[in-house]
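Peer 1: Give me coordinates for this.
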Amino acid sequence: MITQKNFKHLLLGVCLSASTALAMEVQPLNDVGGRDGEIWRDDGENVMRRERRDMCRQSAEQLFAVVEHPLPRDTAMQQINTWLNTLKNNPLQYNSAQMMRQVNTPDRFTGIFVPTRNYIDDAIKGFNAIRTHGYYFAEQINNHNVRMDDVLTLVWTAIQQYPQMTNSENAANDQINMRLTLLKKGLAEIVEDDNHTVCGVGQSQRILLPLQGSIDGINIDGNYILNGNGGEVQLDVHGFSTRCNEVVGEYIAGLDDAHPLSQAITGMVLYPNVNAAALRGFLDNIRQRWRDMATRVFARNDDNIRSAQAAIDRHFQQYYNLLRGLNIDNTLGNFMGDINAGINAAFYHDAPQAAQPPQAQVPVVHPIQPPATQLQGLLQLAAQQHAAQQLAAQQLAAQQQQQHAAQQLAAQQRAAQQLAAQQQPQYSVGEVVRVDGVRHRWNGTKLVRM
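Peer 2: A predicted model of the protein is given here:
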């Protein structure tokens, strides 16, 4: 059953996709464009930037140095395949909210608008692209060309052996976080929002991301430090941009139907006392708060600040486009509520209280709640539900067995009665008959000797 909030999510996605300027102003991820034919992600990060590619190569070389006993490639591929398909076949995991990926774009191959996809499905597609296509890692590792699936094997080995590689008392939680990052930011984002697969450079950088912040020397984005406590999840430009999209989209989908922005999006009309300029100012307030927070999160990293703010501006431009050409509906009457009520829900949730200037070149890290506890809780709930389902199935089987036995007994009794009736002589009451030369009279139920 689709809820009203989910319906508004879908409707919002359809409205955004129908924006006339969207196709021109927002390029598909990883398409060639921008300055001098460079390749950009939708969060403004240039994956072809020489500095970033050098960090990717150095991180891969560090990975080869720290993993002393790698798993065989076939073993690692089989383990990853089993892990992904186990998640897919678990309804509790597959249908969980954290596995819903907001894409809101037409599929490149079918042309059909798709508001959401599942991270697990995309991770399986990304994994199959690496496993079956024989891609090579985009950068030479120790002056050698290395297969992409060999690098993925080392990444998986490092995750599996992480508790033995570190002395952290929170290694188990870190391990869960790394697997989740491999699923959502590593493998799933090999598949772009419009369902096409990224190039080898993008794949190479993505599959190393799960180890960033946990293993020293593996650093793709340049703003990570070691995890060390099992509770910190480092945030890069792409993660910040994604969080902005998710938080703002969730906030708008949760607005009351009478809110002016809800009327504009779902009803395509305006209140007489809240025009398009007022709604644009309302959105500007939210957008500026996110731009200010980007300055704090990526303090003293001007490239990341510019990239994050550009991604924020592109996202909000889609909402501005929806306000163009809307007409006032006088039948609505004036809006009597507070347009800004609850607006804090649209802002960055894990922001620091004040900007703290970091030491020279020391990155700013903002902790968010790790998914480990949530994932463990989901697993426990799944086990409880599985046990309850088994008990219910056993009780149902016992009940069905009892009903079957009762039906068999009733059938046997009916058959015996029918057989007795067939074998009983048919005489009229008072009729006299001879049995073995002796006269008997039928009294209606039996023969009585005379």
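
Peer 1: Need the residues that contact the helix or strand hosting Gln203.
Peer 2: In the assignment (DSSP states H and E), Gln203 maps to helix 200-208. Contacting residues not belonging to helix 200-208 are listed as 30, 39, 41, 47-48, 52-53, 56, 59-60, 63, 126, 129-130, 135-139, 148, 151-152, 155, 182, 185-187, 189-190, 197-198, 218, 220 [CB atoms under 8 Å, 6 or more residues apart in numbering]. (Each C-beta comes from the backbone N, C-alpha and C, glycine too.)

Peer 1: Next, the residue nearest to Asn275 when sequence neighbours are not counted: phi, psi?
Peer 2: Of all residues not flanking Asn275 in the chain, Ile328 sits nearest, at 7.1 Å (CB to CB, 6 or more residues apart in numbering). Main-chain torsions, Ile328, degrees, to the nearest 10: phi -80, psi 140.

Peer 1: For Ile328, the count of nearby residues, please.
Peer 2: 14 (other CB atoms under 10 Å).

Peer 1: ok, it - contacts?
Peer 2: Taking CB under 8 Å, 6+ apart, one finds 269-272, 275 in contact with Ile328.

Peer 1: Reformat those as JSON lines; add neighbour count and secondary structure.
Peer 2: Output for the contacts of Ile328, formatted as JSON lines (neighbours: other CB atoms under 10 Å; DSSP: H, G, I helix; E, B strand; the rest coil):
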{"residue": "Val269", "neighbour count": "15", "secondary structure": "strand"}
{"residue": "Leu270", "neighbour count": "21", "secondary structure": "strand"}
{"residue": "Tyr271", "neighbour count": "22", "secondary structure": "strand"}
{"residue": "Pro272", "neighbour count": "13", "secondary structure": "coil"}
{"residue": "Asn275", "neighbour count": "15", "secondary structure": "coil"}
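
Peer 1: Make sure Phe335 is indeed in a helix.
Peer 2: No - going by DSSP: H, G, I helix; E, B strand; the rest coil, the assignment for Phe335 is coil, not a helix.

Peer 1: That one reaches Ala258, doesn't it?
Peer 2: Yes - contact criterion CB atoms under 8 Å: Phe335 and Ala258 qualify, at 7.3 Å.

Peer 1: if you count what's nearby, which of those two comes out ahead?
Peer 2: Taking neighbours as other CB under 10 Å, Phe335 and Ala258 compare with Phe335 leading, 17 against 12.

Peer 1: The closest residue to Asn142 other than its chain neighbours sits in which helix or strand?
Peer 2: Nearest residue to Asn142, sequence neighbours excluded (CB to CB, 6+ apart): Glu61, at 5.7 Å. Using DSSP H and E, Glu61 sits within helix 50-66.

Peer 1: Contacts for that helix, please.
Peer 2: 45-46, 137-142, 146, 151, 154-155, 158, 165, 201, 204-205, 208, 211-212, 215-222.

Peer 1: can you count the residues close to the residue lying closest to Thr197 once chain neighbours are set aside?
Peer 2: Residue nearest to Thr197 in three dimensions, not counting chain neighbours: Ala129, with 5.1 Å by CB to CB, 6+ apart. The local packing of Ala129 (other CB under 10 Å) involves 17 other residues.

Peer 1: who's in contact with Arg280?
Peer 2: 320, 323.

Peer 1: wait, I meant Val155
Peer 2: 63, 182, 186, 207-208, 210-211 are the contacts of Val155 under CB under 8 Å, 6+ apart.

Peer 1: What is the nearest of those to Gln408?
Peer 2: Nearest to Gln408, judged by CB to CB, of the contacts of Val155 is Leu182 at 55.9 Å.

Peer 1: buried subset of the contacts of helix 50-66?
Peer 2: Among the contacts of helix 50-66, those scoring as buried are 45-46, 137-139, 141, 146, 151, 154-155, 158, 165, 201, 204-205, 208, 211-212, 215, 218-222 (criterion: 16 or more other CB atoms under 10 Å).

Peer 1: Out of these, list just those in helices.
Peer 2: With helices taken from DSSP state H, the overlap with those comprises 151, 154-155, 158, 165, 201, 204-205, 208.

Peer 1: Closest to the centroid, which residue in the chain?
Peer 2: Met99 (1.4 Å; CA atoms, centre = their mean).

Peer 1: Mind listing what's buried along stretch 65-78?
Peer 2: Buried residues in stretch 65-78, defined by neighbour count with 16+ other CB under 10 Å: 66-67, 70-71, 73, 76-77.

Peer 1: Can I get the residues you listed in JSON lines including distance to His238?
Peer 2: As requested, the buried residues of stretch 65-78 are exported to JSON lines (distance: CB to CB, whole Å):
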{"residue": "Val66", "distance to His238": "25"}
{"residue": "Val67", "distance to His238": "26"}
{"residue": "Pro70", "distance to His238": "28"}
{"residue": "Leu71", "distance to His238": "29"}
{"residue": "Arg73", "distance to His238": "28"}
{"residue": "Ala76", "distance to His238": "26"}
{"residue": "Met77", "distance to His238": "26"}
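
Peer 1: Cool, thanks, talk later.
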